[in-house]
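Undergrad: Mind folding the following:
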Amino acid sequence: MDIVAHGLCTAAAAIFVNRRPGPAVRLGWAVFFGVLPDLASFTVPAVLRIWWRVTGVTTTLLPQPGGPRLDWVFGLYNCVHSLLIFGLAFASAWIVARRPVWELLGWLLHIVIDMLTHRGWFAIQFLWPVSAAHLDGIPWETGWLLAATYAALAGIFILLWRTRSQAAQLAIAHREPH
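TA: As a prediction, this is how the structure comes out:
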């Protein structure tokens, strides 16, 4: 899934969760963690591409199917898209904060969505580094899936917007201190 859709999915999930009784989820942090795997994986190569274009250095060193690879980019990609690494990070944050850091679930949502919407070169090795197991999902950039994703997100946000006043009253009445 593209980074914008990841951010919107995480925002919708956080808004929905914040309408339920219980501790609040900080929307900004949830969205940050929801896009973090792609930011971590692709920011450095993007900066390198810009730098190499500005300085005239060739871009053939960037990862591309069938071309030379920056192996550390793929290692980082596998790391931040691993359920095992997520589990360790979530458990570590819980120990340090002495409470579950629910905002990190944006990261988990990202991994699960990508498991279903990536294949081939970008298939998610969800048990990395223990296993290279992956699913061959439906590529997120497939026209009908991309249209369905954004149509569903639009519908979800319309529903959230239409039910906002009722949800706000419930959340205020039942909010637990953070």
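
Undergrad: From residue 33, how far out is residue 16?
TA: 16 Å (C-beta to C-beta, to the nearest Å). In short, each C-beta sits where N, CA and C put it, glycine included.

Undergrad: ignore the last one, residue 144
TA: The gap separating residue 144 from residue 33 is 29 Å, by C-beta to C-beta.

Undergrad: Among the two, which residue is more densely surrounded?
TA: Neighbour count, other C-beta atoms under 10 Å: between residue 144 and residue 33, residue 33 has more, with 24 against 8.

Undergrad: Helix, strand, or coil at the more buried one?
TA: Following DSSP: H, G, I helix; E, B strand; the rest coil, the label given to residue 33 is helix.

Undergrad: From what I see, it and residue 107 are in contact.
TA: Yes: the pair residue 33 / residue 107 is scored as a contact, 4.4 Å apart, by C-beta atoms under 8 Å.

Undergrad: Confirm for me that residue 157 is in contact with residue 9.
TA: No: taking contacts as C-beta under 8 Å, residue 157 lies outside contact range of residue 9: 10.6 Å.

Undergrad: These two: which has the busier surroundings?
TA: Neighbours per residue, other C-beta under 10 Å: of residue 157 and residue 9, the larger number sits with residue 9, 22 against 14.

Undergrad: Let's verify residue 135: helix, strand, or coil?
TA: Recorded secondary structure, residue 135: coil (three-state DSSP).
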